[in-house]
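*Asks:* The following block contains a protein sequence and its predicted model.
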Amino acid sequence: MVNHFDSWAEIYDWVFAWKREDVRFYVEQARRSGGPVLELGSGTGRIAIPIAQAGVEVVGLESSTAMLGEARRKTGSGTSHGHPEWIEGDMRDFSLGRRFALVIIPFRGFLSLLTVEEQLDCLRCIRDHLAPGGRLIFDVFVPDLNMLVDDDSTPFYVEDVPHPDSDRRLVVWHHNRFDNHNQINNARTILEEVDSTGEVVRRLYREFQIRYMHRFEAQHLLELAVFRVEELYGDFELGPFDEDSTDMVWVASPAESD
């Protein structure tokens with residue numbers, strides 16, 4: 001079965017080098033939990049590696065073989081002190097035979113689940129892997145209602161991202177096609193690799209799907225999966241969620257079922 005995230009492995013760290021504001025938040029939450037921590041959709045280790053470096057035991061579960069290979073390349077395949085344990089697996093259906101003080105799904109990874117059934121399967125697996133007193137933390141974006149009704153098919157410019165070790169840069173463009181009936185964004189990212197003379201030396205296309213969620217939809221989903229919402233933050237500085245928030249940072253724990 002094709003995993004669309006495999007094609008991201010080579011360039012993921014470069015494309016998302018700007019994404020840093022959530023790292024400190026998740027590391028601090030991991031420290032407070034005391035570990036062990038399970039990260040679902042761990043990718044190339046953007047969050048799991050700093051957690052391990054902070055001295056907290058962490059397991060990274062990732063469905064993409066290529067992304068997991070990149071994570072192992074950066075840290076080695078062992079589980080020595082300061083290194084995560086990497087496991088290839090599907091967040092919709094996993095059984096690790098152990099429990100965790102904290103389960104996290106950073107950077108909108110939960111939105112890769114495209115149906116309510118898949119979302120509930122994931123949440124049930126999480127419940128089965130949380131230790132007593134354990135918590136789930138994940139973040140998703142707040143849907144932009146103006147964008148959802150925009151039928152402009154023109155790709156829009158996102159940003160320039162310099163390469164960390166060369167004079168090249170990526171010019172990042174994005175294109176959305178919204179299926180508002182199913183709440184799915186069929187997204188395409190266009191990446192132009194530009195050299196120091198301004199010449200485009202490579203153009204890449206990466207496509208993916210995400211299922212966007214609204215505030216009360218997410219809350220009711222958690223309640224349906226027998227979770228209790230402890231906090232909803234509007235950013236990674238623990239600010240309140242309000243009408244100007246662009247992120248939803250959910251903190252939940254298993255509730256007692258009837």
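*Replies:* Looks like it arrived, so ask away.
*Asks:* does Asp150 sit in a helix, a strand or a coil?
*Replies:* Following DSSP: H, G, I helix; E, B strand; the rest coil, Asp150 is assigned to coil.
*Asks:* Now do it against Asp244, distance only.
*Replies:* Going from Asp150 to Asp244 by Cβ to Cβ, to the nearest Å gives 20 Å. Heads up, the C-betas are built off the backbone N, CA and C, glycines and all.
*Asks:* These two: which has the busier surroundings?
*Replies:* With neighbours defined as other Cβ atoms under 10 Å, Asp150 and Asp244 compare such that Asp150 has more, 13 against 8.
*Asks:* Relative to Gly198, how far out is that one?
*Replies:* Taking Cβ to Cβ, one finds Asp150 at 30 Å from Gly198.
*Asks:* what do you get for Asp6?
*Replies:* 31 Å.
*Asks:* Compare these two (neighbour count), which wins?
*Replies:* Legend: neighbour count by other Cβ under 10 Å for Asp6 and Gly198, higher for Asp6 (15 against 7).
*Asks:* Contact partners for the closest residue to that one other than its chain neighbours?
*Replies:* Spatial nearest neighbour of Asp6, excluding adjacent residues (Cβ to Cβ, 6 or more residues apart in numbering): Ala66 at 3.9 Å. Residues in contact with Ala66 (Cβ atoms under 8 Å, 6 or more residues apart in numbering) are 3, 5-10.
*Asks:* 10 Å instead?
*Replies:* 3, 5-10, 12, 44 (Cβ atoms under 10 Å, 6 or more residues apart in numbering).
*Asks:* ditto for Val103
*Replies:* Per Cβ under 10 Å, 6+ apart, neighbours of Val103: 33, 37-40, 59, 61, 91, 122-123, 125-127, 129-131, 134-138, 252.
*Asks:* Can you show me the strands along the stretch 1-150 of the chain?
*Replies:* Taking DSSP state E, counting those that start in this stretch as the criterion, the stretch 1-150 of the chain carries its strands at 37-40, 58-62, 85-88, 100-105, 130-141.
*Asks:* Any chance of JSON lines for those, columns distance to Val158 and mean pLDDT?
*Replies:* Output for those, formatted as JSON lines (distance: least, Cβ to Cβ, whole Å; pLDDT from 0 to 100):
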{"stretch": "strand 37-40", "distance to Val158": "25", "mean pLDDT": "98"}
{"stretch": "strand 58-62", "distance to Val158": "24", "mean pLDDT": "98"}
{"stretch": "strand 85-88", "distance to Val158": "29", "mean pLDDT": "98"}
{"stretch": "strand 100-105", "distance to Val158": "23", "mean pLDDT": "98"}
{"stretch": "strand 130-141", "distance to Val158": "14", "mean pLDDT": "98"}
